[in-house]
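Visitor: quick one: sequence and predicted model below, then my questions.
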Amino acid sequence: DGGITQSPKYLFRKEGQNVTLSCEQNLNHDAMYWYRQDPGQGLRLIYYSQIVNDFQKGDIAEGYSVSREKKESFPLTVTSAQKNPTAFYLCASSRRTGTPGNTIYFGEGSWLTVV
Amino acid sequence: AQKVTQAQTEISVVEKEDVTLDCVYETRDTTYYLFWYKQPPSGELVFLIRRNSFDEQNEISGRYSWNFQKSTSSFNFTITASQVVDSAVYFCALSEARSGMDSSYKLIFGSGTRLLVRP
């Protein structure tokens, strides 16, 4: 089945450690995104990539890093510089065409807890 | 500035009741897109609908219906005859369109409305 796969679903991290969240899509989408969700709040954009080997900062990129070496993969690294990393992280993708307003589809998310 | 407001933090209804989730948006653009997503307890955001700013027709899909009114900058979502499986957090989102670019990356989300449907 086509879709977006995130792993792991749950992750615990000690303070000072970097962790990487995986995101893979088989929808043949060009654009991929990472959003962060805090309890009782909406989603905020961390990073996005419109094409392989290119990515842009979103609204809250500090303390995060990404790579886009393959069209289907867009891993997110939460670095030790991120001051409050405990949150729910959602990966998403969409087609990138000349038509604006493409629908963004989401994965099942990853829960990150810093202990 | 773009903004999406979902003033209802939480709504609780009894099964079979109708319920309307409110969404008010702010944008300076004349061309924009509005979305509704459902987030069940599993966490995944499920796409429900996309509407562009030039299409003000109301839409119905089964028990779901959407009322888009540009005059009041609102895009409300109604569930008819609610069911327990409708229990979830619902998000309204706004995306602006810029000529020459695919601006779909810029989805501005509301804070969500948690709907609880009791049996």
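Guide: That came through fine. Residues are numbered from 1 along each chain as shown, chains lettered A, B, ... in the order given.

Visitor: residues making contact with whichever strand or helix holds residue A:12?
Guide: Using DSSP states H and E, residue A:12 falls within strand A:10-13. With contact meaning CB atoms under 8 Å, 6 or more residues apart in numbering or on different chains, strand A:10-13 is reached by A:19, A:21, A:78, A:85, A:110, A:111, A:112, A:113, A:114, A:115. All C-beta spots, glycine's among them, are computed from the backbone N, C-alpha and C.

Visitor: mind listing what's buried along that strand?
Guide: Residues of strand A:10-13 classed as buried by neighbour count (16 or more other CB atoms under 10 Å in any protein chain shown): A:11, A:13.

Visitor: show me what the lowest-mean-pLDDT helix or strand in chain B is in contact with.
Guide: One helix or strand of chain B scores below all others by mean pLDDT, DSSP states H and E: strand B:59-61, with a mean of 86. The contact list for strand B:59-61 (CB under 8 Å, 6+ apart) reads B:49, B:51, B:65, B:66.

Visitor: correct me, but residue B:21 touches residue B:13?
Guide: No: at 11.0 Å, residue B:21 does not count as touching residue B:13 under the criterion of CB atoms under 8 Å.

Visitor: higher neighbour count, these two?
Guide: Neighbour count, other CB atoms under 10 Å in any protein chain shown: between residue B:21 and residue B:13, residue B:21 has more, with 22 against 16.

Visitor: beta partners of the most centrally placed residue in chain A?
Guide: With distances taken as CA atoms, centre = their mean, residue A:34 lies nearest the centre of chain A, 2.6 Å away. Beta-bridge partners recorded for residue A:34 (DSSP bridges): residue A:47, residue A:91.

Visitor: just the pLDDT at it, thanks.
Guide: Looking at residue A:34, its pLDDT reads 96.

Visitor: wait, it sits on residue A:64?
Guide: Yes: using CB under 8 Å, residue A:34 makes contact with residue A:64 at a distance of 7.4 Å.

Visitor: for the contacts of strand A:10-13, which one is nearest chain B?
Guide: Nearest to chain B out of the contacts of strand A:10-13 is residue A:111 (CB to the nearest CB; 7.8 Å).

Visitor: and that closest one, what element?
Guide: strand A:110-114.

Visitor: who does that strand pair up with?
Guide: Short version: by DSSP bridges, strand A:110-114 pairs with strand A:10-13 (parallel), strand A:87-94 (antiparallel).

Visitor: which residues does the last one contact?
Guide: The reference is to strand A:87-94. Everything outside strand A:87-94 that qualifies as a contact, by CB under 8 Å, 6+ apart, is A:4, A:6, A:21, A:23, A:25, A:27, A:29-38, A:43, A:46, A:74, A:76, A:78, A:102-107, A:109-112, B:43, B:45, B:104.

Visitor: touching chain A at all, stretch B:11-19?
Guide: No: judged by CB under 8 Å from any CB of the partner chain, stretch B:11-19 and chain A are separated, with a smallest distance of 14.4 Å.
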